[in-house]
Each structure stands twice: as C-alpha cells, then as structure tokens.
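1. model this:
(2 chains)
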Amino acid sequence: MPSLLATVLKRLGWASVVLAGLSILIFSLVRIMPGDPARLALGPTAPEEVVERYRERMHYNEPLPVQYYFWLRQVLHGDFGMSTVTKRGVSQDLAEFMPATLELVIWAGIPPLFFALLLGVLGAMYKNRWPDYVIRFSSYIIIATPTFVWAVLFLLIFGYWLPVLPSIGGRLSMGLAVPTVTGLMVLDALIAGQPAAAWDAFAHLLLPSLALSLGHTMQEARLTRSYMLENAGKDYITMVTSQGVPRDVVNRKFLLRPSIIPTVSIMGLDIAAIFGNAFLVETIFNWPGMSRYAMNAILGKDINAVCGVVMVLGVIFIMTNLLVDVIVMILDPRMRQSRSK
Amino acid sequence: MRGMGEGEILLDIKDFSVSFDVYGKKSHVLDGITFRVRAGERVGLVGESGCGKTTTLKAILRVLPKNAVIGGGSVLFGGRDVFGMARPELDDMRRRGAGMIFQDPSSALNPVFSVKSQFLTALRYANPPGTPKERLYEIAAEALDSVMLPDPHRIMDSFPYQLSGGMKQRVCIAMTIAAGRRLLLADEPGTSLDVTIQDQILRLINKLVSEKGLSVVMVSHSVGVIRESTNYVNIMYAGTVVESGATDDVFGNPMHPYTTALMSCVPKLTGGSIAQGIPGRVPDYMNTPAGCRFAPRCPRAKGACHERKPPHAEAAPGHYVSCHFASEAV
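-> Have a look, this model is predicted:
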C-alpha cells in the first residue's frame, strides 16, 4: 500500500505544523497570564536584584518572539528547561510522571474498545430483546455518571467495603520493585520476568482505568449498535443475503467491518477526553502520574513545566489520531483514496 | 413474440399480500398479487414509485425487511413455497434459482470490500463445496467478460468506489448470472444511471437473457422499457395488479383506466405539450380504500368502485383486468 505510506508521511508533515501552532499558542498564553514567573519561582522574600538577574537569565525581559526562539531551540534538543516548582529539568519530570499517566490511558482506551464493539454487536443482534435492553439501560446510567463519581464509588466498594483491590495509591505494592524499561509497569514486570509484580501492577491499574473507561466504552457500544442496525438495512446486506451467503458470514464479514469504522475513528477523539479525565482519576486514586505535577505547575505559574506538559500531550494526541487513521484506512479503502488524491 | 402457456412454471405468485408494521400501525402494501413466470419468459412489472414492485421482488427471495408481515397467499418457486422452505432449500433457491439486480448499484456493493472478495464469497456458496479458488476466480472473470467489462482482472481488484455507476451495475449483473441462476429479478436496473448507460444496461440484460435462455422479471416505471424488453406485463397500482397480459395486447388495447393514464404520461416526440400526468397520489397504505385502490383517482369511478374490490377477470383471451367496468370501451 504505497498510498498508505504517502498518507502517513503527509500527515506527519501536517502534524509538525499543528505542533508548531500549539507551541506558539501555549508559549504565548502562559506568558500573557498575569503573575510574575520570576517572582513566583524565587518566592516573596527574594531581593529584587536577584529576581532581576533571574529574569535576565531566563530571557524574560526580551520580546516574546525572541523568548520563543530561545525556548524552541532548547525544545528541539529535547530540553524543556527547568521547572521552578521541582527545581529539576522538565524533561526529567516528564520522563518520571508521564509513563504512569500513559499506562493508565492505554489500559482505559484500548482493551475497553473490544468490549465496546462486543456490547454493540450483542445489542444489535438482540435488538429489542432483553440483552439489548440491559445494555441500553445501563449505558444511559453509566454515560450520565461522571468519571470521578465512578472513581470514588469504586474506591468505596473495592477498597473499603470489599477490600480486594489496592486503594492506597501508587503503581506497585510496598516491597516490590521493577526495573524501568518502557515505563509501563505491567510490561516492565513481564520483561523482568516477574509475573507476580505484573499482576500486582495490573491490580493497581484496574480500578482507575475502569473508572476512566466506563463512559466512553458505553458510548462506543451505543455507536456500534446503531451503525450495525443502520447498515443491516442497506442494499449491500440484502444483496449478499439474497445470494444465499450464510447469515453468520454476512454478519461477521460484510456487516461488521463497515459498522465498526465510525467507532474506531471516534475512539481516536475519545483519547483526548481520557487524558482530561485522567487528571481527576489520578487525584482520587493517588496515582503518581501527570496530574499533580501539572496542577502544581499551573498554580505556581511554572512556565516551562506547563509548556512541556502541553507539548507532550499534543504529540501523544497527534500520534494516537494518526494511528487510528491508519487503522481506519486499512479497514476502509475509500479513506486511502480520498487522502492520497 | 412467443405465446403464453408454454414451458414449465418457474415462479407462481398467488394472491400474495404483504403489510409492514410501522410504529405499531399496519401499512398494507401488497394486496393479493397474482402472476406467473414460465421458463424463458420475460415478465414486466410496471407502476409508479411506491406501488410495491421492489417489495414483490424482495418477497420472491424472502429478503423482505424485518417489519414485513405476510398477509396471505403464496410465492412458489419451482413449485415450492418460498416462505415454507427450510433453510438449506431456501439457500439453494437463492444461490442457483433466482437472483436480484438492485436499482442502485452504488448501494448494492459493499463499499469496504473489493469486487473480488464480494464476488468470490457469493460464488463459493453457489458452487459445490471444495471448488478451488482459482476455478471460482475463472468463473467470475468469465462472467465479468460476458457483461462486457474490459479487463476483468483489474475490475476484480477494484473497490466499488473506483468504478463508475454503469460498471458497478455490470458487476452486479455478472454476480447474478455467474452462478447459473434461472430467474433474473431486475429492479429498475438503469434508473439510477444516466440515460445512455441505462440503455446499455437494458440491452445487456436482454442479450444475456436471450443468449442463456433465462427468465426475467423486469421492474420499471417506464412503459417504453417494458414494451421493449418483455413479452408479458403486469401493470401494478398501489400493491395490486390491475391489468396483465401479453405485452402487445396490454399496451395495444389497454382496458384499465390506470394503464391508459400511465400510457398517456409517456412523452411523445410528436405533439405539442408535455404529458399531463395522473392527478392525485398513490393511496395511504395505512388507510387503503375499501373498494378498488385506484378509485379515488379514477376518472370513471362509480359507486361500486368505492365499495367492492374488482376481480382480476379475463376480459379478452389471456388479458386480465381488475376493473368493474373493464368491458366498457375507453
């Protein structure tokens, strides 16, 4: 598929334009916001000449475009500057906190997609019979309940009333340690050949990722169901049925693929929402991810940290959507055509 | 043209009625349809949009929408009731007996599968189990060649969006004839295409039908198309057959007021103004007239027309009309 590769390269080109725009936007926004970053970094008691020297060193006195030039030159070398809150390199902080968030989002985003498709197909197969009613009714409740309510509820049920799952936070139980390879704890534990630690890490992930995934999973299930039912009435399904193709082949092959394409595309957008909700869930579950770091950065007007977090999230979001688009292009030949024209 | 009464009866629809459940209400679409197709015969179904032509074809293959309810009567294919068939028999009828060509080829082909994938899946079930894939591919390529598509191999590797409307319709026709079906159900096969392509498609179907000795039910709202390509015709109005007989007889001597009206709608090259059309609309199927369904629009309707359904009676040899006043000259 040469057109697929060409499309990916073109999309990567566009992605760099988008990231450039995002960087200008966030860079300007954090500097336009009221509050003196130098004073906030050094505290209210620091002498004025020290603060002034700090401003000079951080180029805060230069015009914005010049500041942006210095910042961008750093960023392109993988250096987001110093965090004024942690007094460490932002890149170092991101490397520490980002994998925890990423792992949470991956677990909340990918395995539930299969459940969503399964529930959607079940609902369509048993349209207006009890399995469909159960799925539809529960989906209303689940979608309408905010993520943080599920998080608190799960903590209460599985951490307090039925203490079967870890609830005091963290990614591993006390006394366990796993060498970092990918930063994704379950994977790292498996790589290190520690199945017990992998299971422990999974147990820690279960409640927060479940809380994070419920809403969008049910939304995707509803979407799949309605596309299945809509497509079931299309001529191309009637046609293969009328040709004597067995019903399970019709459903599994000719009905399923066109019906899951919209769900898969929507999932790419859902990833952004999952990141947003992850901030709340991390706080509730005391998950050592990005949320506290980003909150402190925003409150402390930690310019470099805010820019770093936003840029990394931007890159992740763009890559996720590119990946989803590639999957959609593999599923739907029409997408290959219209993009490469 | 060949006369009636020869050849085995392939399709026999008797007093067949279908209604649809629409939000708890019943929409009575087909009301006692009766007609036959003999081997080698070309039968037309003519009528306005929404008169139940497509529903009739879908009923023959038992692919009616889920909310359809059979009101009575029967559809016999090769002497067996389609709606009483067990699954294997039904599958066999669909695979080798009758096949449908849909009105809109763009929606009849699955947009996300290649022609090859769709064609070979259909052929796999229509051929003896274990037929090698290469053989199926050959059959498909031959069929594509016989519908005059250039470069069958390129067509096989194409996706529907890469083909023009006319090409897609040819692919659909090829899929229907490739399995050796005996009855072709053509649902306005050119309507969604432009006029020159429409003509080519109709010619193609006529050619294939006469070459292979197939039977065909040709559905159209165009009197001209039906006149040209059938030897027997059923004029349908609002889910009823109002007039039937040899095509030449029916159009040469129309006896039902609806047939007369339909024919006067055909624009002529000679003569002044645009055809006038038939005043009024097809009746509401939720609330059909008690008597003749055409009565509300009929210029000749009298008391009896609004009270009793007219019988489908033989008004001239082999020429049937459903009208209380068929014998009165038009």
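2. distance of the single nearest residue of the stretch 101-250 of chain A relative to chain B from residue A:336?
-> When you check the stretch 101-250 of chain A against chain B by CB to the nearest CB, the closest residue turns out to be residue A:244, at 3.5 Å. For the C-beta atoms, the positions are set from N, CA and C on the backbone; glycine is no exception. As judged by CB to CB, to the nearest Å, residue A:244 and residue A:336 stand 31 Å apart.
3. so the residue of the stretch 101-250 of chain A closest to chain B sits against residue B:94, correct?
-> Yes - counting by CB atoms under 8 Å, residue A:244 does reach residue B:94; the two are 3.5 Å apart.
4. so which residues of the stretch 51-200 of chain A form helices?
-> Counting by DSSP state H, counting those that start in this stretch, the stretch 51-200 of chain A forms helices over residues A:64-76, A:90-109, A:111-125, A:130-144, A:147-154, A:185-191, A:195-232, given from the N-terminal end onward.
5. lowest average pLDDT across those?
-> When the helices of the stretch 51-200 of chain A are ranked by mean pLDDT, helix A:185-191 comes last with a mean of 87.
6. what lies in contact with it?
-> Residues lying outside helix A:185-191 but in contact with it, judged by CB atoms under 8 Å, 6 or more residues apart in numbering or on different chains, are A:100, A:103, A:171-172, A:178-182, A:195, A:197-198, A:200-202, A:204-205.
7. ok so, going back, before we move on, which element is the residue of the stretch 101-250 of chain A closest to chain B in?
-> Of the helices and strands defined by DSSP states H and E, none includes residue A:244.
8. for it, which residues are in contact?
-> Residues in contact with residue A:244 (CB under 8 Å, 6+ apart) are B:90, B:91, B:92, B:93, B:94, B:95, B:122, B:125, B:126.
9. near chain A, anything from stretch B:88-97?
-> Yes - applying CB under 8 Å from any CB of the partner chain, one finds stretch B:88-97 touching chain A at B:90, B:91, B:92, B:93, B:94, B:95.
10. buried ones from those, can you make that a PyMOL selection?
-> Remark: buried members of those, expressed as a PyMOL selection using 16 or more other CB atoms under 10 Å in any protein chain shown:
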select buried, chain B and resi 90+91+93+94+95
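11. what about residue 137, how many residues close to it?
-> No chain in the question, so chain A it is. The number of residues packed near residue A:137 is 10, by other CB atoms under 10 Å in any protein chain shown.
12. hmm, no, I was thinking of chain B.
-> Once other CB under 10 Å is used to define contacts, residue B:137 is seen to have 17 neighbours.
13. quick check: it touching residue B:117?
-> No - with contact defined as CB under 8 Å, residue B:137 does not count as touching residue B:117 (11.5 Å).
14. what does residue 81 show for phi and psi?
-> Answering for chain A, as no chain was given. Reported as degrees, to the nearest 10, the phi and psi values for residue A:81 are phi 90, psi -180.
15. try chain B instead
-> Recorded main-chain torsions at residue B:81 are phi -70, psi 120, according to degrees, to the nearest 10.
16. surely it meets residue B:74?
-> Yes - judged on CB under 8 Å, residue B:81 makes contact with residue B:74 at a distance of 5.0 Å.
17. for the residue of the stretch 101-250 of chain A closest to chain B, give its distance to residue B:132.
-> The spacing between residue A:244 and residue B:132, counted by CB to CB, is 20 Å.
18. which residues does residue 22 contact?
-> All of this refers to chain A. With contact set as CB under 8 Å, 6+ apart, residue A:22 has these partners: A:310, A:311, A:314.
19. meant chain B, my bad for not saying
-> If you count contacts by CB under 8 Å, 6+ apart, residue B:22 has them with B:67, B:286.
20. same thing but at 10 Å, please
-> B:67, B:285, B:286 (CB atoms under 10 Å, 6 or more residues apart in numbering or on different chains).
21. need the residues touching each of residue A:244 and residue B:94.
-> Going by CB under 10 Å, 6+ apart, residues that sit against residue A:244 and also against residue B:94 are B:61, B:125, B:126, B:179, B:181.
22. and the residues of stretch B:88-97 next to chain A as JSON lines, adding pLDDT and secondary structure?
-> As requested, the residues of stretch B:88-97 next to chain A are exported to JSON lines (pLDDT from 0 to 100; DSSP: H, G, I helix; E, B strand; the rest coil):
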{"residue": "B:90", "pLDDT": "95", "secondary structure": "helix"}
{"residue": "B:91", "pLDDT": "94", "secondary structure": "helix"}
{"residue": "B:92", "pLDDT": "93", "secondary structure": "helix"}
{"residue": "B:93", "pLDDT": "94", "secondary structure": "helix"}
{"residue": "B:94", "pLDDT": "95", "secondary structure": "helix"}
{"residue": "B:95", "pLDDT": "94", "secondary structure": "helix"}
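23. show me what contacts the residue in the stretch 201-330 of chain B that chain A sits nearest to?
-> For the stretch 201-330 of chain B, the residue positioned closest to chain A under CB to the nearest CB is residue B:217, at a distance of 13.5 Å. By CB under 10 Å, 6+ apart, residue B:217 lies in contact with B:10-11, B:13, B:35, B:37, B:41-45, B:53, B:56-57, B:60, B:98, B:100, B:183-187, B:230, B:232, B:234.
24. burial of residue 229, as a residue count?
-> As the question left the chain open, I've gone with chain A. 17.
25. my bad, the chain I had in mind was chain B
-> Residue B:229 is surrounded by 19 other residues when neighbours are defined as other CB under 10 Å.
26. separation between the nearest residue to it once chain neighbours are set aside and residue B:248?
-> Closest residue to residue B:229 in three dimensions, ignoring its sequence neighbours and counting by CB to CB, 6 or more residues apart in numbering or on different chains: residue B:206, at 5.1 Å. According to CB to CB, residue B:206 and residue B:248 sit 16 Å apart.
27. how about residue A:50?
-> Taken as CB to CB, the spacing of residue A:50 relative to residue B:248 amounts to 108 Å.
28. which strand or helix spans residue B:33?
-> Using DSSP H and E, residue B:33 maps to strand B:25-38.
29. buried stuff in that strand?
-> Going by 16+ other CB under 10 Å, strand B:25-38 has these buried residues: B:27, B:28, B:29, B:30, B:31, B:32, B:33, B:34, B:35, B:36, B:37, B:38.
30. before I go, just wanted to say thanks for your time.
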